[in-house]
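Need the 3D shape of this:
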Amino acid sequence: MTVGHRITIEESGRHVRVVRGEQVLARSDRALVLRETGCPPRYYIPPEDVRLDLLTPSGTRTHCPFKGTASYWSLPDAADLVWAYPDPKPDVAQIKDHLCFYEVEVR
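From the prediction side, this is the model:
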């Protein structure tokens with residue numbers, strides 16, 4: 001990692017829910033929270049706790065020098081709403097295949 005850049009990952013211990021409109025897209029008590037220098041905390045949710053049947057894979061890919069290459073999924077009215085790292089860098093291996101949404105409710 002770059003000097004001054006830090007990533008930590010831990011079990012959130014909280015209930016995480018993702019809602020868009022009236023539709024619940026995910027709910028989990030097993031989410032991981034990733035904290036990264038300069039970024040808001042992000043909740044990575046196990047795929048078993050996400051309504052994958054509502055999401056469509058996107059062709060979008062992005063690369064993070066600290067986490068690896070991300071794949072994205074969309075809703076009909078929300079492109080690239082969700083991402084995951086199918087082959088993350090070793091330092092963040094815990095988030096493998098967990099899905100992350102831009103906006104979540106945390107209780």
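
quick one: contacts for residue 88?
Shown in contact with residue 88 (Cβ atoms under 8 Å, 6 or more residues apart in numbering): 67-68, 95-96. (Each C-beta comes from the backbone N, C-alpha and C, glycine too.)

Now do the host helix or strand of residue 74: everything it contacts.
Assigned by DSSP states H and E, residue 74 belongs to strand 68-75. Outside strand 68-75, the residues that touch it by Cβ under 8 Å, 6+ apart are 20, 25, 52, 54-58, 60-64, 80-89, 92, 99.

Now, of those residues, which are buried?
Buried subset of the contacts of strand 68-75 (neighbour count, 16 or more other Cβ atoms under 10 Å): 25, 55, 80-85, 88-89, 92, 99.

on that earlier part again, show me which of the contacts of residue 88 is closest to residue 107.
Nearest to residue 107, judged by Cβ to Cβ, of those is residue 95 at 21.3 Å.

these two touch, right, that closest one and residue 31?
No - the pair residue 95 / residue 31 is not scored as a contact, 10.4 Å apart, by Cβ atoms under 8 Å.

what bits of the protein have low per-residue confidence?
1-2 (pLDDT under 70).

For residue 95 and residue 31, indicate the residue with more neighbours.
Neighbours around residue 95 and residue 31, counted as other Cβ atoms under 10 Å, are more numerous at residue 31. The numbers are 27 against 20.
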